[in-house]
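>>> Pasting a predicted model and its sequence here:
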Amino acid sequence: MEAERLTLSIEGNDCPALSWGEGPLVLALHGFPDLPLTWRHQGPAFAKAGFRLVAPTLRGYAPACACPMCAWPPSPGTRSRSLSSSAAARR
């Protein structure tokens with residue numbers, strides 16, 4: 001299954017992301033030094049299970065956004081809430 005490329009809007013800034021499936025949202029945050037493609041095997045599995053997995057490109061990784069909400073800090077929880085709200089709005 002091919003990932004859908006989308007753009008999440010975070011406080012007026014664009015963050016590119018990959019998405020698989022439809023259903024309840026699963027926000028997949030890559031680590032260092034990974035990219036959203038880290039989730040290329042899990043994305044189709046989550047989609048098959050009835051979920052929508054969204055993997056944003058985090059700040060510092062091309063082509064990532066430079067918005068303050070994508071940085072460490074504020075906090076992983078604050079950033080995750082903003083990203084998941086934006087991803088949910090993209091349904």
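Yes, it's here.

>>> so what pLDDT did the residue lying closest to residue 40 once chain neighbours are set aside get?
For residue 40, ignoring the flanking residues on the chain, the nearest one in space by Cβ to Cβ, 6 or more residues apart in numbering is residue 3 at 6.8 Å. Every residue, glycine included, has its C-beta placed from N, CA and C. Looking at residue 3, its pLDDT is 95.

>>> And for residue 68?
At residue 68 the predicted local confidence, pLDDT, stands at 55.

>>> Same check on residue 44?
pLDDT, the model's per-residue confidence, is 97 for residue 44.

>>> With residue 15 instead?
pLDDT for residue 15: 83.

>>> Checking the closest residue to residue 14 other than its chain neighbours next. Helix, strand or coil?
Closest residue to residue 14 in three dimensions, ignoring its sequence neighbours and counting by Cβ to Cβ, 6+ apart: residue 7, at 4.8 Å. Taking DSSP: H, G, I helix; E, B strand; the rest coil as the rule, one finds residue 7 in the strand state.

>>> gap between residue 7 and residue 23?
21 Å (Cβ to Cβ, to the nearest Å).

>>> coming back round to it: any idea how far the residue nearest to residue 40 is from residue 53?
Using Cβ to Cβ, residue 3 is found at 9 Å from residue 53.
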